[in-house]
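Asker: whatever this is, show me its structure:
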Amino acid sequence: MPKLTIDNQEVEVEQGTSIIQAAEQIGFEIPHFCYHDRLTVPANCRMCLVEVEGGPPKPVASCAMACGEGMVVKTDSPMVKKARKGVMEMLLINHPLDCPICDQGGECDLQDQAVAYGNDRSRYHENKRAVKDKPLGPLIKTIMTRCINCTRCVRFGEEVAGVTELGQLNRSENAEIGTFVEKAVSTELSGNMIDICPVGALTSKPYAFKARSWELRKTETIDVHDAVGCNIRVDARGSEVMRVLPRLHEEVNEEWINDRTRFAYDGLKKNRLDKAYIRDEESKKLKPASWDKALSVVAEKLKTFNSSNIAAFSGDLVDAESLYAFKALAERLGIENMDCRVDGAIFDSSTPAGYSFNSGIAGIDEADAILIVGSNPRHEATLVNARIRRNYYERNIPVAVIGENVDLTYPYEHLGTNPQDLEKLLKARAGFAKTLKDAKRPMIILGAHVFTRPDGAAIQHLVYQAADKFGMIDAKNDWNGFNVLQNTAGRMAALEMGFVPKKPFDLDEMGLVLLMGVDNAGAVDAINPHSCVIYMGHHGDLGAHRADIILPACAYTEKAGTYMNLEGRAQRARKAVDAPGDAREDWKILRAISDAVEFPLEFNDLAGLRAKMVAEYPRLGAIDEIVPSEWKAFGDSKGKVTKDDFVNPIENFYVTNVITRASETMRQCTEKFVEPEFKEAAE
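Answerer: Presented below is the predicted three-dimensional model:
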């Protein structure tokens, strides 16, 4: 490990560490534009110049120079200052004076570094170069005259997102970033290019000219559009969410988020439920009502029906606190017909190891062979797919798929399309079976949608057998390669609480159905037309249209809550904005209902609810930790798998839940990226 001195401070670093990385470790700032610690090093902006004693008689690029033993580096010498001023002067030659109208204003690396390291005046008096803007789609706004050709966006597309649509064209003063043919950037991670752009060349099109960064109230919270549990920051002004940005969490989403998480926020203010409604018996139309009236009618209905004739369902976006209150109320009323699997999934839920991503998202980096069964992680969990892609390209690990043959942004071996192909793999001794057997840390990823098949439990057991045969469970080395890829934010916490029926029940026979955030077409359509439906939710969507009584609730940005992600990591979300109108948190609505039916729940505030929840379910109290679950046999060993092909659950990545269905931005993405694919497939 080489030792070197940076500005009179000695530091020891690992072999291969660059000077700029070593300086960051001891807290010295070296300005840069093209360098990014998650991308390759191009060394083309030259802003990170430093002086190395005994080295070349000129400044060197610290991002491309590896540390050497005894090296003496100066980051603030007269030579370095003069060089940086020269580089900054060159970068600003063609850069327009757009700061007053640029959405990057206040968050611009070029602004900050021009003030800190640049000159106080320009010596350039020629006409500035102009570059044509590029149409990159409904999400990214381009003003390419501002571009400084740092190539961050190009490298992100090629290295992280897996698309090569952006590139650097031409040479010298004619160099520019663009697409070789006019085409929108079609990756699900395109919004991250906005974050890593150090100038205002790439900005958010939906956010354009809406607000300045210093006007916004910033709240750190958790995303609910999939089960990854991405850490995000919600920026709001007043009661309106203005934008959503990623937060750094190395073990979950690193510093990226997908486009659905980033841009679907406009759906939070459309088609919202802001008051209670009761269906009029004569006109059969929903009419507004006060909370007192709605609660009294709910109480009357709950007292009218026998508990065995009542069913309770929780939806995909529900937080753990609301689930706990829902279950507590159901138990107080003697309701046993409860379920969180509104998609009809059939599997053994007796042990968390049977439905969790046991290796953890960060564990993908350690895997040396991966088998994906019945899943499209690119759409179901984009950040999980990005990890697999990185592992493939950094370590060249073998990847195989049994399921639909789709573009996952990395090469893989396609072994088949149905469960019988998995049975063949189990019996094989050569090919990918040998690859898994020889691997030290093999991994299998099973799509949760597989459980919605009639043979879902049998497939679960079959995958368990595969994990056992190929040595994916290695307790000595703390490795569990059996992984189920859940794709909804509320499912894991509900399963943790046992929000499943003790015995099967027929929904068609239920006289009263309680829906909390359920907007799945299959579940809503399965309800008997003559049943009375009470719906708690935040959007006037499928569940609200079927309901006889509507109780307006809060969306994920409007309440504090706990969400458990696909790996079993409990994370806390925080309230960013107020809910519209009369909408209230789900647990408060349930607490009020319990009073109305004269079975009051044993908590009066969020702290009291959490205390009881954590006491009963300790894993939900281990915030930002993964508590390993016991590994044991599970699944239906008697059932047989069918030869029906696996079908991926998400046809349209941009529209997957009630919020995205209300989003105009997601509709535009569907028209631009998804509908042309359907037309092409049909032709």
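Asker: and residue 222, what does it touch?
Answerer: 229-232, 556, 563, 571-573 (CB atoms under 8 Å, 6 or more residues apart in numbering). Glycine gets a C-beta too; all of them are placed from N, C-alpha and C.
Asker: correction: residue 650
Answerer: 376, 379-380, 487, 656 are the contacts of residue 650 under CB under 8 Å, 6+ apart.
Asker: mind checking the SS state of it?
Answerer: Here residue 650 is coil, with the state taken from DSSP: H, G, I helix; E, B strand; the rest coil.
Asker: state the distance from it to residue 449.
Answerer: Remark: distance between residue 650 and residue 449 (CB to CB, to the nearest Å) = 8 Å.
Asker: which neighbours do those two share?
Answerer: 380, 487.
Asker: hmm, back to that, list just the nearest of the contacts of residue 650 to residue 626.
Answerer: Nearest to residue 626 out of those is residue 487 (CB to CB; 18.7 Å).
Asker: quick check: closest non-adjacent residue to that closest one.
Answerer: residue 380 (4.4 Å; CB to CB, 6 or more residues apart in numbering).
Asker: ok, that neighbour - how many residues close by?
Answerer: Residue 380 has 26 neighbouring residues, counting by other CB atoms under 10 Å.
Asker: try residue 43
Answerer: That count, for residue 43 with other CB under 10 Å as the rule, works out to 17.
Asker: Three-state assignment for it, please.
Answerer: coil.
Asker: surely the residue nearest to residue 487 and residue 258 touch.
Answerer: No: contact between residue 380 and residue 258 fails when scored by CB atoms under 8 Å: they sit 10.8 Å apart.
Asker: what do the two both touch?
Answerer: In contact with both residue 380 and residue 258: residue 226, using CB under 8 Å, 6+ apart.
Asker: so what's the residue nearest to residue 487 up against?
Answerer: 226, 447-449, 485, 487, 648-650.
Asker: most neighbours, which of the residues you listed?
Answerer: residue 226 (28 neighbours).
Asker: would TSV of the contacts of residue 650 with pLDDT and secondary structure be doable?
Answerer: Shown next, in TSV, are these (pLDDT from 0 to 100; DSSP: H, G, I helix; E, B strand; the rest coil):
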residue	pLDDT	secondary structure
376	96	coil
379	96	helix
380	96	helix
487	92	coil
656	94	coil
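Asker: now do the helices in the stretch 1-150 of the chain.
Answerer: 19-25, 78-91, 109-117 (DSSP state H, counting those that start in this stretch).
Asker: would you mind finding the most buried of those helices?
Answerer: The highest mean neighbour count among those, using mean count of other CB atoms under 10 Å, belongs to helix 19-25: a mean of 20.
Asker: do you know the pLDDT at residue 638?
Answerer: pLDDT, residue 638: 73.
Asker: repeat that for the one 4 residues further on.
Answerer: Model confidence at residue 642, expressed as pLDDT, equals 91.
Asker: wait, it touches residue 459, no?
Answerer: No: using CB under 8 Å, residue 642 is not in contact with residue 459, being 9.3 Å away.
Asker: more crowded one of those two?
Answerer: For residue 642 versus residue 459, the count of surrounding residues by other CB under 10 Å is larger for residue 459: 27 against 14.
Asker: part of a strand, is the more buried one?
Answerer: No: under three-state DSSP, residue 459 falls outside any strand and is assigned helix.
Asker: where does pLDDT dip in the stretch 301-450 of the chain?
Answerer: For the stretch 301-450 of the chain, applying pLDDT under 70 flags no range at all.
Asker: returning to what we had before: any chance of the helices of the stretch 1-150 of the chain in TSV, plus mean pLDDT and distance to residue 623?
Answerer: Below are the helices of the stretch 1-150 of the chain laid out as TSV (pLDDT from 0 to 100; distance: least, CB to CB, whole Å):
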stretch	mean pLDDT	distance to residue 623
helix 19-25	94	28
helix 78-91	93	43
helix 109-117	94	33
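Asker: possible to save those helices as TSV with distance to residue 476?
Answerer: Listed next are the helices of the stretch 1-150 of the chain as TSV, based on distance: least, CB to CB, whole Å:
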stretch	distance to residue 476
helix 19-25	34
helix 78-91	52
helix 109-117	47
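Asker: measure how buried residue 120 is and give me the count.
Answerer: Neighbours of residue 120 under the rule other CB under 10 Å: 7.
Asker: report pLDDT for it.
Answerer: 84.
Asker: again, but for the one 4 residues further on
Answerer: Note on residue 124: pLDDT of 84.
Asker: could you do residue 54 as well?
Answerer: 82.
Asker: the one 4 residues further on now?
Answerer: Here, the pLDDT recorded for residue 58 equals 90.
Asker: got the contact list for it?
Answerer: Applying CB under 8 Å, 6+ apart, no residues qualify as near residue 58.
Asker: give me the distance between it and residue 23.
Answerer: 19 Å.
Asker: go on, residue 221?
Answerer: Relative to residue 23, and taking CB to CB, residue 221 is found at 33 Å.
Asker: same deal with residue 258?
Answerer: Separation of residue 258 from residue 23 (CB to CB): 32 Å.
Asker: and stretch 473-487, C-alpha only, in PDB?
Answerer: Extracted in PDB, the C-alpha atoms of stretch 473-487 (Å, rounded to 0.1, in the frame of the first residue of the first chain):
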ATOM      1  CA  ILE A 473     -27.100 -22.300   0.800                       C
ATOM      2  CA  ASP A 474     -23.700 -22.100   2.500                       C
ATOM      3  CA  ALA A 475     -24.200 -21.400   6.200                       C
ATOM      4  CA  LYS A 476     -20.500 -21.700   7.000                       C
ATOM      5  CA  ASN A 477     -19.700 -18.800   4.600                       C
ATOM      6  CA  ASP A 478     -22.800 -16.800   5.400                       C
ATOM      7  CA  TRP A 479     -24.300 -17.200   2.000                       C
ATOM      8  CA  ASN A 480     -27.900 -17.700   0.900                       C
ATOM      9  CA  GLY A 481     -28.400 -17.600  -2.800                       C
ATOM     10  CA  PHE A 482     -32.100 -18.300  -2.800                       C
ATOM     11  CA  ASN A 483     -33.900 -15.100  -3.800                       C
ATOM     12  CA  VAL A 484     -37.500 -14.100  -4.600                       C
ATOM     13  CA  LEU A 485     -37.800 -10.800  -6.400                       C
ATOM     14  CA  GLN A 486     -40.900  -9.100  -5.000                       C
ATOM     15  CA  ASN A 487     -42.200  -6.200  -7.000                       C
END
